[in-house]
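Undergrad: coords please:
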Amino acid sequence: MNPRNTLVLATDPADLSEALGCSSEAVASMQDSGVLEPHGQLWEIGAARDYLRDAAWADSLWH
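TA: Below you'll find the model as predicted:
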């Protein structure tokens, strides 16, 4: 399994927020946009980590 396909067991949004290191609002936004992919209680968070990394990088360019 490569880092892009990281699965975590999350029973609620707080678990996902902790695993990704972001707010619960960011988790909800990524769920709504399809960046976070559920597999029952397992969540594929590789794409979400990439998204958060890229957003942080792009944000640093504008400051």
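
Undergrad: which stretches of this structure form helices?
TA: For the chain, the helices defined by DSSP state H occupy 13-20, 24-33, 46-61.

Undergrad: which of those is buried the deepest?
TA: Of the helices of the chain, the one with the most neighbours on average (mean count of other C-beta atoms under 10 Å) is helix 13-20, at a mean of 16. Yep, even glycine has a C-beta here, placed from its N, CA and C like the rest.

Undergrad: Let me have the helices of the chain in a markdown table, adding distance to residue 7 as columns.
TA: Formatted as a markdown table, those follow (distance: least, C-beta to C-beta, whole Å):
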| stretch | distance to residue 7 |
| --- | --- |
| helix 13-20 | 10 |
| helix 24-33 | 15 |
| helix 46-61 | 9 |
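
Undergrad: Tell me which of those helices approaches residue 5 most closely.
TA: The closest of those to residue 5 is helix 46-61. By C-beta to C-beta, the value is 5.3 Å.

Undergrad: Output the contacting helices and strands for the closest one.
TA: In terms of contacts (3 or more C-beta pairs under 8 Å, 6 or more residues apart in numbering; DSSP states H and E), helix 46-61 is packed against helix 13-20, helix 24-33.

Undergrad: Now that we're looking at the nearest residue to residue 36 once chain neighbours are set aside, what pLDDT does it have?
TA: For residue 36, ignoring the flanking residues on the chain, the nearest one in space by C-beta to C-beta, 6 or more residues apart in numbering is residue 30 at 4.6 Å. Looking at residue 30, its pLDDT is 88.

Undergrad: so how many other residues sit close to residue 5?
TA: Using other C-beta atoms under 10 Å, residue 5 has 11 other residues around it.

Undergrad: So it sits against residue 42, correct?
TA: No: using C-beta atoms under 8 Å as the test, residue 5 is too far from residue 42 to be in contact (11.0 Å).

Undergrad: mind listing what the residue at minimal distance from the centre of the chain touches?
TA: With distances taken as C-alpha atoms, centre = their mean, residue 48 lies nearest the centre of the chain, 3.2 Å away. Contacts for residue 48 (C-beta atoms under 8 Å, 6 or more residues apart in numbering) come out as 20, 30, 35-36.
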